[in-house]
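K.L.:
Just the structure for this:
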Amino acid sequence: MGSGARCGAAAVHRRLPARPRRQAAGLGGPEQRGDGECMTDYTALAEAAAVMDRLWSFGGWEVTQTHESLRRYLIEETYEVLDAVESGDPDELREELGDLLLQVLFHSRIAEANGQFTVDDVAATLVAKLAARSPHLTNGHTGPLDVAEQEAAWEIAKKTEKARTSCLDGIALSQPSLALAEKVIERARRAGLPNRLIPPELRTVRIGEGGAEEALRSVTLRFIAAVRAAETSARDEGHVDGNLTAKEWSMFWPR
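P.N.:
Numbers count the residues shown, from 1 in each chain. All right, here's what the predicted structure looks like:
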């Protein structure tokens with residue numbers, strides 16, 4: 001956890017009254033899982049939100065922060081979670097996930113102060129998304145699930161709710177270039193793009209020459225532009241989004 005983000009949280013020693021927990025509408029109560037086992041009441045999760053509120057109420061370091069100033073902490077904590085996963089130590093992973101949770105609470109509290117949304121709104125948005133993309137939560141299905149059908153239903157629901165016009169919509173462009181390139185290639189292939197249209201320099205990472213990160217990012221962004229241009233040309237010719245064959249991709253690919 002970053003030292004600045006850690007300093008305020010470490011000062012809170014006493015237990016605080018927990019916020020009342022909202023029950024997810026239409027998803028059943030919190031007392032029982034689908035397998036019949038009891039669920040926790042998540043009291044500590046509500047308490048964590050209350051701790052963030054109390055830290056904020058002191059008007060110190062926390063209230064001086066912005067979404068932008070916390071970016072480095074969010075990135076740092078994410079990598080620390082990945083290190084914990086790699087270590088295989090559950091205690092370390094629990095601690096690092098808590099530090100990442102603090103970032104969610106912190107960003108939500110900043111948004112609340114700006115009159116935009118609260119951490120409860122964040123949770124409610126997630127619940128609504130999961131309900132929309134996972135029909136087995138509400139249709140009485142008890143399992144086991146067919147994983148392929150589950151993944152297909154998820155993708156169909158996501159495409160419907162987002163009203164996306166490109167197979168690359170929704171990809172975070174600020175992620176490291178290697179992860180970005182892999183995600184872009186995966187999405188393009190899933191949309192029917194033939195391998196021959198993927199430039200060789202996008203499949204090969206050259207290191208040791210300096211500037212490898214930016215070089216790969218530049219190639220990836222050019223490829224993204226080409227994919228979007230082909231989709232736009234196809235759409236102008238009356239083709240439905242996301243339904244191009246390999247031959248059609250080649251036909252509309254920018255020269």
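K.L.:
Wait, residue 195 touches residue 189, no?
P.N.:
Yes: if you go by CB atoms under 8 Å, residue 195 and residue 189 touch, sitting 7.4 Å apart. Yep, even glycine has a C-beta here, placed from its N, CA and C like the rest.
K.L.:
ok, the two, which is more surrounded?
P.N.:
When residue 195 and residue 189 are compared for neighbours, residue 189 comes out ahead with 14 against 10, by other CB atoms under 10 Å.
K.L.:
What degree of burial does residue 96 show, as a neighbour count?
P.N.:
Using other CB under 10 Å: residue 96 sits among 22 other residues.
K.L.:
Using the three-state scheme, assign it.
P.N.:
helix (DSSP: H, G, I helix; E, B strand; the rest coil).
K.L.:
For it, give me the pLDDT.
P.N.:
We note a pLDDT of 97 for residue 96 in this prediction.
K.L.:
ok, it to residue 208 distance?
P.N.:
As judged by CB to CB, to the nearest Å, residue 96 and residue 208 stand 32 Å apart.
K.L.:
likewise residue 178?
P.N.:
Relative to residue 208, and taking CB to CB, residue 178 is found at 15 Å.
K.L.:
which one of those two has more residues nearby?
P.N.:
Between residue 178 and residue 208, residue 178 has the larger neighbour count (other CB under 10 Å), namely 14 against 5.
K.L.:
Can you say which helix or strand has that one in it?
P.N.:
helix 177-190 (DSSP states H and E).
K.L.:
cool, and residue 132?
P.N.:
With DSSP H and E as criterion, residue 132 is part of helix 119-133.
K.L.:
which strands and helices sit next to that helix?
P.N.:
Under the contact criterion of 3 or more CB pairs under 8 Å, 6 or more residues apart in numbering; DSSP states H and E, helix 119-133 touches helix 43-57, helix 90-113, helix 147-162.
K.L.:
Confirm for me that residue 171 is in contact with residue 182.
P.N.:
No: in this structure, residue 171 is not within contact of residue 182 by CB under 8 Å, at 10.5 Å.
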